[in-house]
Structures are given as C-alpha cells and as structure tokens.
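Asker: got a structure for you, letters missing:
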C-alpha cells in the first residue's frame, strides 16, 4: 500500500504558512473602510468570513485544504472535511453547502486513492447534514484535499475571536497532541486510532452548546496550536489569559512522542512566534511545546463553560503578556 504521508513535505495543518510570515504577507492589504455588509473580515484573523444579508441571516464562508496527515486515504478525506467544516462551527454557524478542493499527482498516485479521499469527505459531509457537490481539481506534485464551505448564522449570535471579555473562563473541547502523533505516524507508520477519532469528530455539538450557554467568543485550535490561537483571540479582544497547564487535556502517547523527538516543524515555529507574548516560565520546555503543537481538526476554544469540556483557564484584563501559563 502506498503511504500518502510520504508524498508531502508536511502533514495536515502543520503544513500551513507560519503565522508570523502569513501576517507579514497580509499586512496593509485591506486598510480602507469595510465592504458593505461585511461583518467579519481579515481584521482579527478569525476563522471564516461573515457577510450579513440584512434579513437576520449571515453567510459564513471558508476554505481549508492540506496535505495528507494520515496514510489511509478514506481517513484523510474524513479528517480534511471535518477540519474545513470546523471553521463554520467556530463562528457559530451551520454548514449548508460544501465543494471539493483536490490536488493530485496524477502520474504518481492512482486515482482509486483519490476516490477514497473523496469518499471520506462525502461521509463526513453527510454526517454534518451538509450537501457536498462538485468542486475543483488540479494536477499537483503533492496531494492536497479539503473543502470550501458555505454556512449560515445569526449575525447577532456569532462566535467571534474579538468578543472575549475579562473574567470569562476558557473551555477546550478536544485534547491536544495531534501534531506530534501525526508526525510519529508519518515517520514510522504507526496508527493512532484515538487521534483519528479526535480529528474526524465534528465540532457541531460544541458549537451549539457554546451558543446555548450564551458564549459569544470562540475559535478552533488548528495549525497555530493552542497558544497561537489563544494569542490571536486575546490580541483581537484586547485581553490577556491565564492558562492552567494541568487542566489541559492531551491524547495518550503525545508526551512520549514528543520526548522521542516526533515534533512537527510547525509546532516549533508556533512557539517561536508566540514566545514574545507568552510567559511559559512556570512549565517545562516540553509542555510549552505541546501547548503550541500544530493541531489538525482540533477542538473549539470557547470563552465560556460548556458541558463536557474542561475549563483550562480564564480571560483576564490586558497585561504584559497575552498569555501566562501556570
């Protein structure tokens, strides 16, 4: 069997352009007045764009695709689809339509593998109750797959990353460690069923629970790691955060994999990027790296308490650091 992860230099959300480099690229591109109806754009680096239609409905739009994070093509399709849908859930929306985005090395990998990838994406879309129709494909030296997703939301009840307020607890709906486990899978071929189950789990219920609890601030934890996404949330909201490292859940085997050296380059870049803004002096270097680990199809980080999700910290008034880890 061909190992899909061997045909890509990175894997999953760890293959993203590093956050600092991306912000430099985007700086100053949109510095004029916001387009009419645009509720969420590039200003805060949120999870999706949102446009209000003026009739009490908002359209949520996003696209997400990446290189293989696991070798099984069906699982890769499921993971990539769940990850793309997550951006809509992270805004408090419900997906109503998705289309495929597929890059394929047609002279290297057989099309029956591509079919399995697409079948996995379709399975997750059906689980989400979201039609998946059509899309776009290109010939590419590296395989890549994902979705462009359109959703709807109530513009008055969005989950935004710039709506955080001091005094509100922080909840995390999925455990961390996906980056190091996926890196170990790529290097050794070992399969981690708990990691696959975590990545294919939809964030739909977490989103609904957050809205039901009255939350108005959230983001999903993906390629920039928990520290990176929390830093962006704090910066956008004008607050800081205290993070209780002992309360953060991790997947079995994540710490052992880190100690064995299976660290994605994206995780180290995440930690380097947030280092000037985060105080991690109270925890070990290994734990700090796990908190910055590049996740693929991670959970929601919610400003508020929701059922079944551990409280891992609190938003506090703005201080010298955007995050203090204790």
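Answerer: Done, it's in. Predicted model only: the values in this text are computed from it and were never measured.

Asker: When you work out contacts or count neighbours from here on, use the C-alpha atoms and nothing else.
Answerer: Will do.

Asker: Residues touching stretch 221-228, excluding its own?
Answerer: 13-16, 18-19, 229, 266-267, 270-271, 273-274, 291-301, 323 (CA atoms under 8 Å, 6 or more residues apart in numbering).

Asker: Sort out for me which of these are in strands.
Answerer: Among the contacts of stretch 221-228, the members falling in strands (DSSP state E) are 300-301, 323.

Asker: out of those residues, who has the most neighbours?
Answerer: Neighbour tally across the ones in strands among the contacts of stretch 221-228 (other CA atoms under 10 Å): the maximum, 29 neighbours, falls on residue 323.

Asker: List the contacts of residue 199.
Answerer: Contacts of residue 199 by CA under 8 Å, 6+ apart are 79, 82-83, 296-298.

Asker: same question, residue 134
Answerer: Each residue near residue 134 by CA under 8 Å, 6+ apart is listed here: 99-100.

Asker: That one: which element?
Answerer: strand 132-139 (DSSP states H and E).

Asker: pLDDT on the helix or strand encompassing residue 226, on average?
Answerer: Using DSSP H and E, residue 226 falls within helix 225-237. For helix 225-237, the mean per-residue pLDDT is 96.

Asker: what about residue 261, neighbour count?
Answerer: The burial count for residue 261: 11, using other CA under 10 Å.

Asker: okay, it: pLDDT?
Answerer: On the pLDDT scale, residue 261 gets 95.

Asker: and it, how far is that from residue 6?
Answerer: From residue 261 across to residue 6, the span is 18 Å (CA to CA, to the nearest Å).

Asker: in this structure, which residue is closest to the centre?
Answerer: residue 222 (2.6 Å; CA atoms, centre = their mean).

Asker: ok so residue 100 is a strand residue?
Answerer: Yes. Counting by DSSP: H, G, I helix; E, B strand; the rest coil, residue 100 is part of a strand.

Asker: Tell me the bridge partners for it.
Answerer: Here residue 100 sits in beta bridges with residue 135, residue 147, going by DSSP bridges.

Asker: Please verify my assumption that residue 113 contacts residue 71.
Answerer: No. Using CA atoms under 8 Å as the test, residue 113 is too far from residue 71 to be in contact (10.4 Å).

Asker: chain center to the helix or strand hosting residue 179: distance?
Answerer: Assigned by DSSP H and E, residue 179 belongs to helix 178-188. Averaging C-alpha positions (CA atoms, centre = their mean, to the nearest Å) puts helix 178-188 17 Å from its chain's average.

Asker: ditto for stretch 100-120
Answerer: 23 Å.

Asker: pLDDT averaged over it - what is it?
Answerer: 97.

Asker: Would you mind listing where this structure has pLDDT under the threshold?
Answerer: 1, 11-15, 30-34 (pLDDT under 70).

Asker: Going along the chain, name the strands of it.
Answerer: Ranges of strands in the chain, per DSSP E, are 38-40, 49-52, 58-66, 94-104, 132-139, 144-153, 169-172, 218-220, 239-243, 278-279, 300-303, 311-317, 323-325.

Asker: got those strands as CSV, with distance to residue 178 columns?
Answerer: Shown next, in CSV, are those (distance: least, CA to CA, whole Å):
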stretch, distance to residue 178
strand 38-40, 29
strand 49-52, 26
strand 58-66, 15
strand 94-104, 23
strand 132-139, 26
strand 144-153, 18
strand 169-172, 14
strand 218-220, 14
strand 239-243, 19
strand 278-279, 22
strand 300-303, 14
strand 311-317, 18
strand 323-325, 20
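
Asker: Which one of these lies nearest to residue 204?
Answerer: strand 94-104 (7.9 Å; CA to CA).

Asker: Residues touching the closest one, excluding its own?
Answerer: Contacts of strand 94-104 (CA under 8 Å, 6+ apart): 65, 85, 88-89, 114, 118, 125, 128-153, 204.

Asker: relative orientation of it and strand 144-153 in degrees?
Answerer: Going by axes from the mean of the first three to the mean of the last three CA atoms, to 10 degrees, strand 94-104 is angled at 160 degrees with respect to strand 144-153.

Asker: now residue 164: how far from residue 268?
Answerer: 27 Å.
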